[in-house]
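J.: Show me how the following folds:
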Amino acid sequence: MRRFKAVLFVAGLLPAAWLAWAAASGGLGANPIEALAKETGQWALRFLLLTLAVTPLRRLLRRPALGSIRRMLGLYTFFYACLHLANYVVLDLFFRWEEILADVVEKPFMLLGLTTYLLLLPLALTSTRGWQRRLGRRWVQLHRLVYVAGITATIHFLWAVKADLREPLVYAALLALLLGYRLQQRLRAAGGA
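T.: Numbers count the residues shown, from 1 in each chain. The predicted structure is shown next:
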């Protein structure tokens, strides 16, 4: 499992490395800031869905050790969410806080994006074993915010897309599948109790 985690760690950095190379070499097209926004946002959402997929895969494949990669995937989710937000604040609007605030107030998809980031922030900050020990059962309750973040992130993407909804709908279907699995497991456990 240690080798697998090392490979996963490197694989998680590859999209960022590719984006940096593409940005430096002019490979992001006519609007590189928009391309960076799209790519970093989608990678954040992909890693969020991968994080949510760990528990079902662990159970279906009967591989409890897979649970040990959830933290890394969650931190990559936050890493790409940070890049997504930084792209908007630094590159797109260059710290023009009044315009940023106006966007958040006037555009619902921006408000959902910020909400998602604020949901992910405490999860990233409390992802260590030390915080897990300190918070005890409250840690599990806090980290259930990942389900809400999955919903807000998916809707943020759906509302941000102006024309072709196929891609965000694929993410929405995957999220529905992952959350549906959890709901089914919870209902089954409640019925057996």
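J.: Measure how buried Cys82 is and give me the count.
T.: The number of residues packed near Cys82 is 16, by other CB atoms under 10 Å. For every residue, glycine as well, the C-beta is placed using N, CA and C.
J.: quick one, helices of this protein?
T.: In the chain, the helices defined using DSSP state H lie at 2-24, 32-60, 70-86, 97-106, 108-125, 129-135, 137-143, 145-160, 166-192.
J.: Switch the ones you listed over to CSV; also include mean pLDDT.
T.: As requested, the helices of the chain are exported to CSV (pLDDT from 0 to 100):
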stretch, mean pLDDT
helix 2-24, 95
helix 32-60, 96
helix 70-86, 97
helix 97-106, 96
helix 108-125, 97
helix 129-135, 94
helix 137-143, 93
helix 145-160, 97
helix 166-192, 92
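J.: any idea how far Phe157 is from the residue most central in space within the chain?
T.: When CA atoms, centre = their mean is applied to the chain, the residue found nearest the centroid is Leu48 (3.4 Å). Using CB to CB, to the nearest Å, Leu48 is found at 11 Å from Phe157.
J.: One more: Ala189?
T.: Counting by CB to CB - Ala189 and Phe157 are separated by 31 Å.
J.: the more surrounded of the two?
T.: Using other CB under 10 Å as the criterion, Ala189 and Phe157 rank with Phe157 on top: 24 against 9.
J.: you'd agree that one is up against Leu45?
T.: Yes. With contact defined as CB atoms under 8 Å, Phe157 counts as touching Leu45 (6.1 Å).
J.: anything in contact with each of those two?
T.: Common neighbours of Phe157 and Leu45, using CB atoms under 8 Å, 6 or more residues apart in numbering, are Tyr171.
J.: Around Ala35, how many other residues sit close by?
T.: By other CB under 10 Å, neighbour count at Ala35 equals 17.
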